[in-house]
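Trainee: Generate a structure from the sequence data that follows.
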Amino acid sequence: MQVAQINGLAVLELEPMGPPLGSDRDASDILSEAFSSDATVIVLPAERLDPDFLRLRSGLAGAFIQKLQNYHCRLVILGDVSAAVAASTALRDFVYETNKVGRHIFAPDRAAMLAALS
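Mentor: Residues are numbered from 1 along each chain as shown. So this is what the prediction gives:
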């Protein structure tokens with residue numbers, strides 16, 4: 001994990017390699033790391049997502065994002081989730097609405113993330 005300043009925001013970037021993340025407990029652990037480094041944005045590489053995270057019926061995405069929302073942290077899912085989005089109308093709508101509101105972001109690449117955080 002590293003903290004970077006991006007457009008005036010303290011951003012905690014998680015490593016692409018590591019165990020899958022997505023549970024409520026994972027959100028709490030990541031929030032602890034964010035608080036200890038004064039980060040207000042957490043970047044979670046898509047390849048680190050628990051396989052059930054993008055299956056909205058599992059409830060993982062909602063609980064994870066809600067936990068971060070409760071503590072005023074923004075979440076960026078960084079990476080290609082297009083295959084999962086193409087396979088699920090509900091996920092497509094969720095990603096669209098999430099990006100539209102802009103508090104949390106699904107960004108396919110770093111350039112899209114930087115643009116969204118500006």
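
Trainee: Going by C-alpha atoms from here, please, whenever you check contacts or count neighbours.
Mentor: OK.

Trainee: Which positions within the host helix or strand of residue 85 qualify as buried?
Mentor: Following DSSP states H and E, one finds residue 85 within helix 82-87. Within helix 82-87, the residues that count as buried by 16 or more other Cα atoms under 10 Å are residue 85.

Trainee: Name the residues that touch it?
Mentor: 54, 91-92, 95 (Cα atoms under 8 Å, 6 or more residues apart in numbering).

Trainee: How about stretch 20-40?
Mentor: Counting by Cα under 8 Å, 6+ apart, 3, 9-12, 41-42, 47-51, 53, 60-61, 63-64, 67-68, 72-74 sit against stretch 20-40.

Trainee: Can you turn the buried subset of those into a selection I can paste into ChimeraX?
Mentor: The ChimeraX selection below is limited to those of those classed as buried (16+ other Cα under 10 Å):
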select :3,10,11,12,41,42,47,48,49,50,53,60,61,63,64,67,68,73,74
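
Trainee: Filter the contacts of stretch 20-40 down to the ones in helices?
Mentor: Among the contacts of stretch 20-40, the ones falling in helices (DSSP state H) are 60-61, 63-64, 67-68.

Trainee: Quick check: the two most widely separated of those residues?
Mentor: 60 and 68 (12.4 Å; Cα to Cα).

Trainee: ok, now how distant is the nearest residue to residue 73 once chain neighbours are set aside from residue 16?
Mentor: Excluding its sequence neighbours, the residue lying closest to residue 73 (Cα to Cα, 6 or more residues apart in numbering) is residue 40, at 4.9 Å. Distance, residue 40 to residue 16, by Cα to Cα, to the nearest Å: 19 Å.
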